[in-house]
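Q: predicted model and sequence below, questions to follow.
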There are 2 protein chains.
Amino acid sequence: MSVTIKDVARAAKVSVATVSRALNGHDNVTEKVRVRVHEVATRLHYSPHHAARSLSSRRTHTIGVVLPDLHGEFFSELMRGIDLVAREHGLHLLVSSYHGNPEEQAAALRAMRGRVDGLLVMAPHVDHAGSVAQNLGSMPTVLLDTRDAAGAFPTLGIDNYGGAVAMVDHLVDAGHRQIAFIAGPEQNFDAMERLRGYREALARRLPRAKPRLVQGDFGEASGHAAGRVLLTAKPKPDAVFAANDMMALGCLFAFNQAGIRVPQDIALAGFDDIPLARLVVPALTTVQVRIAELGGRAARMLLTLGDGKQSATRRNLLAPQLIVRDSSVRTPRKRAR
Amino acid sequence: MSVTIKDVARAAKVSVATVSRALNGHDNVTEKVRVRVHEVATRLHYSPHHAARSLSSRRTHTIGVVLPDLHGEFFSELMRGIDLVAREHGLHLLVSSYHGNPEEQAAALRAMRGRVDGLLVMAPHVDHAGSVAQNLGSMPTVLLDTRDAAGAFPTLGIDNYGGAVAMVDHLVDAGHRQIAFIAGPEQNFDAMERLRGYREALARRLPRAKPRLVQGDFGEASGHAAGRVLLTAKPKPDAVFAANDMMALGCLFAFNQAGIRVPQDIALAGFDDIPLARLVVPALTTVQVRIAELGGRAARMLLTLGDGKQSATRRNLLAPQLIVRDSSVRTPRKRAR
DNA sequence: CATCGGTCTGAAAACGATTACATTGCGGCG
DNA sequence: CGCCGCAATGTAATCGTTTTCAGACCGATG
């Protein structure tokens, strides 16, 4: 069937041991032999059988990624970041999404046993986070964007709280006083932190203002619905802060349809900085989250974890950056139209 | 360290062969023994070593997915579709993206050897498609959205040509005569087929009209740039058909900025039907491509392939569907504004 | 010239499962 | 009562690597 190390050995007139050494770059092989082996190997299109290799070497060269059912930009960016670091180190990615319920997540985690050298787990639904520990062996694991109450694992996340605070500060500084918030899924850790940031910053900056919330679910459609609700609200808000860009866009389009101008009639801001944010008209003020970087750093954390030096980097937060664009500032004059 | 089948055998006072048979549900094991083995196995927290198992059984219960560096919605939807089918069948997903160049793709393919039972490969760049065959053993493989000149593999794709034809037909029917096209990457198979559909349909429906092309790259930014170019074109187009929705949106925002109204001044259409398409104002006329379904069906094809019945399903095209929304039709009266 | 100390190579033992083949035990039949 | 056949179990080969250990070779040294 496929060509094995024995075939290479035969063709190069050496033993399998020598082939193995030559290909794995051990230093006790003559240059001449090493070259010949490499030639033969490429000529025969030899590539080592993974299962056999990891059986004898106890390493799989694979890291597992267990994610919830993510959509769009977030998922692809995260994977890109992880993939980049993984391939830098010659690692493969075994991916499994779970669709909502904790049992599926548990099953996915258990199925990873023995197949991977380490695990990247994202469990943004706060109720699911707890069960992670039980379903893991003692595998090296990094948690992504997950509230790890027990503190059992190294964790990497976005500073959602800080980002939301920065946004509220900006909106208040820009002169807005009635700032509404379109919240994300109730049990989502990111969404909760952003909401907390909004609440606390608002209380600090505008002690008299009451927080004004509309529930959303991170989807564009829910932002659209929220936008319509806000238009009929009693004191009309003069600014809307959506917990993510998708909802902000949905909201923007709802305003468009109603003939409400942004930012003249009402300011708008989002969170994430998806590629569309800068292109939409008006360009969306938002908080930039470098998702690919999040994935990449998580992968790197996992790798250093294997090296034994756990170091002090248990809980890390990636600081997002406030990006001010047109949607939140009442510019003195309008661009040519 | 970890408990092996031998430990279980010893503890249950049977041979390893019997343990293997009992746990894998073979029928030639006494009920009594089977029960005892299962008890012992769970008591010891035994879980079979994956590498060992797949070395001897020649099956990995994993399918490989080799994709180009995809973005956004497309990647995540495709993965969702594949993942769904995979988990239905208890399979795992080994994912690898290659970032553009063919060598990386080749490496990714070779690295899959011995790690997967089958392969899903997407190679939309036409120059890369040819090399796929060489870097594959005789692994069951399904090609996605790839021009397989040799016809060596079963292939699944989108009927990009048909979709583009349907769109041009629609635009002509709606009364447009100067229909410009924003093309995708030159060497991209999808983009080429859409362009071909545009060209041929235009020649058929408006024999006198000359095709008017602007080069894009499927990114929002290139659509934006293309939109600006089109605004300065000599006879102004009365309709713009972008090879994908992202470019259509970029174009739309360029028009917005210039004060050009869609569809009154100029009609606009895209391709893909990304979630945003229905939310943007005006809602975007487009061709609906069910990407998750594409992934799911590809995975299913791969599975039936393993069953030996190759059947006649070598080349399949998924028919996309024309979705007419506001951006392409000059409605008699405008909605409240 | 025999011995030592390297370096390079080969033979063979893991690794942990599956499975072909051999063995055992037992009931039924002649 | 002895033998046959079948079902249950055990023994050992196998999968393709890595790695340990031992051996071969060669130049230098006493």
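A: Yes, it's here.
Q: drop to CA atoms for contacts and neighbour counts, all remaining ones
A: OK.
Q: residues in contact with residue A:230?
A: Going by C-alpha atoms under 8 Å, 6 or more residues apart in numbering or on different chains, residue A:230 touches A:214, A:236-237.
Q: what does residue A:123 give?
A: Counting by C-alpha under 8 Å, 6+ apart, residue A:123 has contacts A:67-68, A:129, A:143-147.
Q: just the buried ones from these?
A: Among the contacts of residue A:123, the ones that count as buried by 16 or more other C-alpha atoms under 10 Å in any protein chain shown are A:67-68, A:129, A:143-147.
Q: among these, name the ones in strands.
A: Among these, DSSP state E puts A:67-68, A:143-144 in strands.
Q: ok, and the most crowded of the contacts of residue A:230?
A: Neighbour counts for these (other C-alpha atoms under 10 Å in any protein chain shown) peak at residue A:237, which has 20 neighbours.
Q: tell me the SS of that one?
A: Classification of residue A:237 using DSSP: H, G, I helix; E, B strand; the rest coil returns coil.
Q: which parts of the stretch 151-300 of chain A are helices?
A: In the stretch 151-300 of chain A, the segments counted as helices under DSSP state H, counting those that start in this stretch are A:160-173, A:189-205, A:220-231, A:245-258, A:291-306.
Q: buried deepest among these, which one?
A: When you average the neighbours per residue for each of the helices of the stretch 151-300 of chain A (mean count of other C-alpha atoms under 10 Å in any protein chain shown), helix A:245-258 leads with a mean of 25.
Q: what does chain A put close to DNA strand D?
A: For chain A, the contact set with DNA strand D under C-alpha under 7 Å from any atom of the strand comprises A:2-6, A:16-18, A:20-21, A:24, A:46-49, A:52-53, A:55-57.
Q: filter these to the buried ones?
A: Buried members of the residues of chain A next to DNA strand D, scored by 16+ other C-alpha under 10 Å, are A:4-5, A:16, A:18, A:20, A:46-49, A:52-53, A:55.
Q: now flag whichever of the ones in strands among the buried ones among the contacts of residue A:123 is closest to residue B:253.
A: Closest approach to residue B:253 among those (C-alpha to C-alpha): residue A:68, at 32.6 Å.
Q: which ones are touching that closest one?
A: A:97-100, A:105, A:122-124.
Q: same check on residue A:166?
A: Contacts of residue A:166 were listed using C-alpha under 8 Å, 6+ apart, and they are residue A:322.
Q: quick check: the residue of the stretch 151-300 of chain A nearest DNA strand D.
A: The nearest approach of the stretch 151-300 of chain A to DNA strand D comes at residue A:300, 23.0 Å away (C-alpha to the nearest atom of the strand).
Q: per-residue pLDDT, that residue?
A: Note for residue A:300: predicted pLDDT of 94.
Q: what residues does chain A have near DNA strand C?
A: Residues of chain A lying close to DNA strand C by C-alpha under 7 Å from any atom of the strand are A:13-18, A:27-30, A:33, A:52, A:55-56.
Q: and if we set it to 6 Å?
A: Residues of chain A that fall close to DNA strand C, judged by C-alpha under 6 Å from any atom of the strand: A:14-15, A:17-18, A:28-30, A:33, A:55-56.
Q: which one of those residues is nearest residue A:63?
A: Comparing the residues of chain A next to DNA strand C against residue A:63 with C-alpha to C-alpha picks out residue A:55 as the nearest, at 16.2 Å.
Q: the helix or strand hosting the closest one relative to helix B:50-57, how many degrees between them?
A: For residue A:55, the host element (DSSP states H and E) is helix A:50-57. Helix A:50-57 runs at 130 degrees relative to helix B:50-57, counting by axes from the mean of the first three to the mean of the last three C-alpha atoms, to 10 degrees.
Q: now do helix A:50-57, average pLDDT.
A: 92.
Q: how near is residue A:15 to residue A:162?
A: For residue A:15, the distance to residue A:162 equals 61 Å [C-alpha to C-alpha, to the nearest Å].
Q: repeat for residue A:237
A: Residue A:237 is 23 Å from residue A:162, by C-alpha to C-alpha.
Q: related to what we said a few turns ago, could the buried ones among the residues of chain A next to DNA strand D be laid out in a markdown table, adding distance to residue B:314?
A: Formatted as a markdown table, those follow (distance: C-alpha to C-alpha, whole Å):
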| residue | distance to residue B:314 |
| --- | --- |
| A:4 | 31 |
| A:5 | 34 |
| A:16 | 40 |
| A:18 | 43 |
| A:20 | 39 |
| A:46 | 29 |
| A:47 | 28 |
| A:48 | 30 |
| A:49 | 29 |
| A:52 | 33 |
| A:53 | 35 |
| A:55 | 36 |
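Q: need the contact list for the residue of the stretch 151-300 of chain A closest to DNA strand D.
A: By C-alpha under 8 Å, 6+ apart, the contact list for residue A:300 reads residue A:85.
Q: columns distance to residue B:174 on top of the helices of the stretch 151-300 of chain A, output as a markdown table?
A: Shown next, in a markdown table, are these (distance: least, C-alpha to C-alpha, whole Å):
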| stretch | distance to residue B:174 |
| --- | --- |
| helix A:160-173 | 45 |
| helix A:189-205 | 44 |
| helix A:220-231 | 29 |
| helix A:245-258 | 23 |
| helix A:291-306 | 42 |
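Q: residue A:124 is in contact with residue A:67, correct?
A: No. At 9.1 Å, residue A:67 does not count as touching residue A:124 under the criterion of C-alpha atoms under 8 Å.
Q: picking up where we left off before, contacts for the helix holding residue A:55, please.
A: With contacts defined as C-alpha under 8 Å, 6+ apart, helix A:50-57 is touched by A:59-60, B:51-52, B:54-55, B:113-115.
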